[in-house]
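Novice: This is a predicted model, with the sequence first.
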Amino acid sequence: MGVIASAAAVVTALLLGAGLTWAVERLFARPGWDAGPTRGAELRGGLDLPNADRWLLPAGPVVALAGVALATVVVPFGPGLIGRDLGIGLFYVIVVVDFVVLGLALADWGANTPDSVEAFYRIVAQLVAYVVPLGLAYVGVVMMARSLSTVTVVEAQRDLWFVVLQPLGFLLYLVTGLMQSYRAPFLEPFADSIGGGVLSVTGGWSALLWRVALAGVLFVVAAIGAVLYLGGPSGPWLPGWAWMLAKTYALMALMLGLGRCVRPLSTAGMLALSWKVLIPAGLVNVLLVGGLILLGVGPRA
């Protein structure tokens with residue numbers, strides 16, 4: 001795809017994904033539940049924050065949205081429907097999606113209110129909790145596909161999806177994906193106890209950008225999960241883009257539904273879960289995948 005066509009495809013995918021994500025999340029909303037990043041924000045005008053940094057606060061949503069948009073570049077939505085097939089595509093995704101973390105940190109610190117600074121520290125702690133086990137969920141797939149290219153990963157699952165060979169890795173991705181997208185039960189940076197985090201200190205165009213970015217990050221996490229474990233756009237009868245969207249939103253619904261079955265975890269609870277359960281599970285998954293490869297199980301066997 002050319003540069004202009006790629007840019008148009010990325011913007012279309014991002015806006016469509018964010019809009020449909022918002023609709024899916026409405027289905028799981030319940031009265032009395034902590035809304036997290038889906039809570040309402042003041043869209044009609046800016047907020048008066050006398051101690052805010054004039055550069056950091058408005059830069060936050062721009063950086064976050066840029067990270068989500070850049071991540072969609074390497075998502076294969078069908079044969080030829082990809083912005084760019086990078087040889088280091090999965091590594092690239094890990095890096096650029098966390099621009100959302102950077103954007104949230106900039107905005108919360110820049111707002112310079114007690115609640116927003118507290119949200120800043122919670123965001124950093126949540127990053128520490130998920131980044132290692134998320135990486136381990138990627139490692140098992142990379143080992144079996146023998147490539148970091150998202151297109152190659154999809155092709156490696158032509159005969160059998162990796163969710164069948166790596167169910168533990170798939171479960172690990174679901175949990176860490178909820179952490180990465182700030183969905184229940186991992187809502188601490190947007191908790192009611194701190195007024196909703198960054199969404200309580202933004203308004204106008206900035207609040208609109210946050211809505212798109214925070215919906216978009218869930219869409220990207222689910223889409224990458226479909227690529228890693230569900231064969232991406234591959235499937236019979238239907239066109240590739242239809243399979244990709246179906247798998248993405250099925251995975252999104254599964255994540256949101258499972259997340260609402262567990263009580264919200266504190267920051268300390270997330271860190272304990274990561275070090276005591278998720279990281280050991282990720283290491284076990286890597287060892288199991290290594291054993292399968294030695295036994296000749298999987299693609300190119």
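Specialist: Everything's here; your move. Numbering: from 1, shown residues only.

Novice: dump the residue contacts of residue 55.
Specialist: Under the criterion of Cβ atoms under 8 Å, 6 or more residues apart in numbering, the contact list for residue 55 reads residue 110. Bear in mind the C-beta positions are built from the backbone N, C-alpha and C, glycine included.

Novice: again, only this time at 7 Å
Specialist: Residue 55 makes contact with no residue, according to Cβ atoms under 7 Å, 6 or more residues apart in numbering.

Novice: how close does it get to residue 250?
Specialist: 41 Å (Cβ to Cβ, to the nearest Å).

Novice: The stretch 101-250 of the chain: strands as residue ranges?
Specialist: For the stretch 101-250 of the chain, applying DSSP state E, counting those that start in this stretch gives no strands.

Novice: Please enumerate the helices of it.
Specialist: Assigned by DSSP state H, counting those that start in this stretch, the stretch 101-250 of the chain shows helices spanning 114-145, 150-156, 162-165, 167-180, 205-229, 240-259.

Novice: do you know which of the ones you listed lies nearest residue 81?
Specialist: Nearest to residue 81, of all the helices of the stretch 101-250 of the chain, is helix 240-259, at 5.9 Å by Cβ to Cβ.

Novice: Tell me which other helices or strands the helix or strand that comes right after the closest one touches.
Specialist: Using DSSP states H and E, the next helix or strand after helix 240-259 towards the C-terminus is helix 267-273. Other helices and strands packing on helix 267-273, by 3 or more Cβ pairs under 7 Å, 6 or more residues apart in numbering; DSSP states H and E, are helix 114-145.

Novice: Okay, buried residues for the helix it packs on please.
Specialist: Within helix 114-145, the residues scored as buried using 16 or more other Cβ atoms under 10 Å are 115-116, 118-120, 122-127, 129-131, 133-145.

Novice: so which of the helices of the stretch 101-250 of the chain comes closest to residue 83?
Specialist: Each of the helices of the stretch 101-250 of the chain was scored for nearness to residue 83 using Cβ to Cβ, and the closest is helix 150-156 (10.6 Å).

Novice: so what does the closest one touch, helix or strand wise?
Specialist: Identification of packing neighbours for helix 150-156 by 3+ Cβ pairs under 7 Å, 6+ apart yields helix 114-145, helix 205-229.

Novice: 6 Å instead?
Specialist: Packed against helix 150-156, as judged by 3 or more Cβ pairs under 6 Å, 6 or more residues apart in numbering; DSSP states H and E, are the following elements: helix 114-145.

Novice: Which neighbouring elements make contact with the helix it packs on?
Specialist: Judged by 3+ Cβ pairs under 6 Å, 6+ apart, the packing partners of helix 114-145 are helix 99-111, helix 150-156, helix 167-180, helix 267-273, helix 279-294.

Novice: looking at the ones you listed, which is closest to residue 243?
Specialist: Closest approach to residue 243 among these is made by helix 150-156 (10.5 Å; Cβ to Cβ).

Novice: pLDDT averaged over that closest one, what's the number?
Specialist: Helix 150-156 shows a mean pLDDT of 95 in the predicted model.

Novice: From residue 194, how far out is residue 51?
Specialist: Distance from residue 51 to residue 194, by Cβ to Cβ: 17 Å.

Novice: What of residue 263?
Specialist: Counting by Cβ to Cβ, the gap from residue 263 to residue 194 is 18 Å.

Novice: who's more crowded, these two?
Specialist: Taking other Cβ atoms under 10 Å, residue 263 and residue 194 do not tie; residue 194 has more neighbours (20 against 8).

Novice: residues contacting that one?
Specialist: In this structure, residue 194 makes contact with 115, 118-119, judged by Cβ atoms under 6 Å, 6 or more residues apart in numbering.

Novice: now the closest residue to residue 271 other than its chain neighbours: how far from residue 277?
Specialist: Leaving aside its sequence neighbours, residue 271 sits nearest to residue 129 (Cβ to Cβ, 6 or more residues apart in numbering; 5.1 Å). When Cβ to Cβ is the yardstick, residue 129 and residue 277 sit 11 Å from each other.

Novice: So for residue 245, what pLDDT did the model give?
Specialist: 89.

Novice: give the contact list for it.
Specialist: No residues are in contact with residue 245 under the rule Cβ under 6 Å, 6+ apart.

Novice: Count the neighbours of residue 164 for me.
Specialist: Burial measure for residue 164: 10 neighbouring residues, criterion other Cβ under 10 Å.
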